[in-house]
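**Q** Sequence first, then the predicted structure, then my questions.
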Amino acid sequence: MAKHFRKNYRRPVRQEDLHRINDRIRVPEVRLVGENIEQGVYPIDKAKELAREQGLDLIEIVPNSKPPVCRVLDYSKFKYEQKKKQKELKAKQQKTVIKEIRFGPNTDDHDFQFKLKHAQNFLQEGSKVKAFVHFVGRQIVFKDRGYELIGRFLEEVEEFGKAEAPPKLEGKRLTIIIAPKAGKK
């Protein structure tokens, strides 16, 4: 009976550690830091011996300095702390949300007020607002109406946010982005 092998089988790739530890450190001297250790520059053999005596690992923290900085610490604990820091940084990052409001060059006053209230709510929530006037067909002839509409819109939302840049005509769209004011969150 013939064995069938999968054609494109790949072994799982093991993610290489970001830090060199113990015997992977290949420099003659290191600057040693850590708990229960006198800080200073040591030959690599002496540093490894100090780590072994405490039952811990020698971890290269700053490989680019002269001599490289190493720390005596349990490597699994070190990796756990690194992951925890990364997770905290990721949680603190603020994601910007952009809400869009679309107008036509002939937008009626009632529709304008309706969309204006939505824009004000978005800015109060802390989201950015991208307002644009979309010109269909030959409406591009009425660019001045679009600029007037955007100007009026900016005046109405002035207390909630401010424009990041002046209105810009891109193809058949006149666009402006409004960022919320800092104290309005």
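**A** Alright, I've got the coordinates.

**Q** any idea where the helices of the protein begin and end?
**A** 44-54, 75-92, 109-125, 143-156 (DSSP state H).

**Q** buried set for the shortest one?
**A** Spelled out, that is helix 44-54. By neighbour count on 16 or more other CB atoms under 10 Å, the buried set for helix 44-54 is 44, 47-48, 50-51. For glycine as for every other residue, the C-beta is placed from the backbone atoms N, C-alpha and C.

**Q** Just the C-alpha atoms of that helix, please, in PDB.
**A** Presented in PDB, the C-alpha positions along helix 44-54 are these (Å, rounded to 0.1, in the frame of the first residue of the first chain):
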ATOM      1  CA  ILE A  44      30.300  37.000  29.500                       C
ATOM      2  CA  ASP A  45      31.300  33.800  31.400                       C
ATOM      3  CA  LYS A  46      31.100  35.500  34.800                       C
ATOM      4  CA  ALA A  47      27.700  37.000  33.900                       C
ATOM      5  CA  LYS A  48      26.400  33.600  32.900                       C
ATOM      6  CA  GLU A  49      27.700  32.000  36.100                       C
ATOM      7  CA  LEU A  50      26.000  34.700  38.200                       C
ATOM      8  CA  ALA A  51      22.700  34.000  36.500                       C
ATOM      9  CA  ARG A  52      23.100  30.200  36.900                       C
ATOM     10  CA  GLU A  53      23.800  30.600  40.600                       C
ATOM     11  CA  GLN A  54      20.500  32.300  41.100                       C
END
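
**Q** who are the neighbours of it, in terms of helices and strands?
**A** Counting contacts by 3 or more CB pairs under 8 Å, 6 or more residues apart in numbering; DSSP states H and E, helix 44-54 packs against strand 29-34, strand 57-62, strand 69-73.

**Q** Turn these into JSON lines, including mean neighbour count and mean pLDDT.
**A** Shown next, in JSON lines, are these (neighbours: other CB atoms under 10 Å; pLDDT from 0 to 100):
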{"stretch": "strand 29-34", "mean neighbour count": "19", "mean pLDDT": "86"}
{"stretch": "strand 57-62", "mean neighbour count": "20", "mean pLDDT": "85"}
{"stretch": "strand 69-73", "mean neighbour count": "21", "mean pLDDT": "87"}
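
**Q** Phi and psi next, for the residue nearest the centre of the chain.
**A** Closest residue to the average C-alpha location of the chain: Q93 at 6.3 Å, with CA atoms, centre = their mean. When read as degrees, to the nearest 10, the backbone of Q93 gives phi -60, psi 140.

**Q** Domain-wise, how is this structure divided?
**A** 22-90, 98-184 (automatic domain parsing).

**Q** mean pLDDT for those domains: which is lowest?
**A** Among the domains of the chain, domain 22-90 carries the lowest mean pLDDT, a mean of 85.

**Q** closest one to H19 among the helices of the chain?
**A** For these, the distance to H19 is smallest for helix 75-92, at 7.6 Å, taking CB to CB.

**Q** Thanks again, I'm all set now.
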